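> Fold the following, please.
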Amino acid sequence: MGWLPLPEEGEYTYDLKQALPDGTEALNVIHLTPEGVWMEDSTCQGHDCVDQGEVTLENRYERILSNMIICLPNQVVLQLYSPEETMELLGELPEVPKEEP
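Numbers count the residues shown, from 1 in each chain. Below is the predicted model:
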């Protein structure tokens, strides 16, 4: 499990390498832009994860898999969250100052 932030400008890729239970190495290439994320490449057969397209904050409720891209053979799940949702998941929401009467 890990967190990859969307860049404020530009774009980048992240190579996720991991050993699978059968002893082989899996590689998923994750592409991130300020608008969203997609699986650029994968060592899995079929490349269904690559074909799932881009997840953005604007399209995530219209996609069949919502905010996720799933690579079952490589056991990888990408999920896109807004900054506010991420802070809530981490339990680090800043306290809102209470107004004094």
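> Packing partners of the longest helix along the chain?
Ranked by number of residues, the top helix in the chain under DSSP state H is helix 83-90. With contacts defined as 3 or more Cβ pairs under 8 Å, 6 or more residues apart in numbering; DSSP states H and E, helix 83-90 has no helix or strand neighbours. Bear in mind the C-beta positions are built from the backbone N, C-alpha and C, glycine included.
> average model confidence for it?
Mean per-residue pLDDT for helix 83-90: 85.
> I69 bridge partners, please.
L78 (DSSP bridges).
> Let me know how buried it is, in neighbour terms.
I69: 25 surrounding residues under other Cβ atoms under 10 Å.
> any idea how far it lies from M87?
With distances taken as Cβ to Cβ, to the nearest Å, I69 is found 22 Å from M87.
> before we move on, what about E9?
22 Å.
> okay, the two: which has more neighbours?
M87 (13 against 6).
> Point out where this structure drops to low pLDDT.
Residue ranges of the chain with pLDDT under 70: 92-101.
> And the strands in it, which stretches?
Per DSSP state E, the chain carries strands over the ranges 12-19, 25-32, 36-42, 55-56, 68-71, 76-79.
> tell me what the first one is packed against?
Contacts of strand 12-19 with other secondary structure elements, assessed using 3+ Cβ pairs under 8 Å, 6+ apart, are made with strand 25-32.
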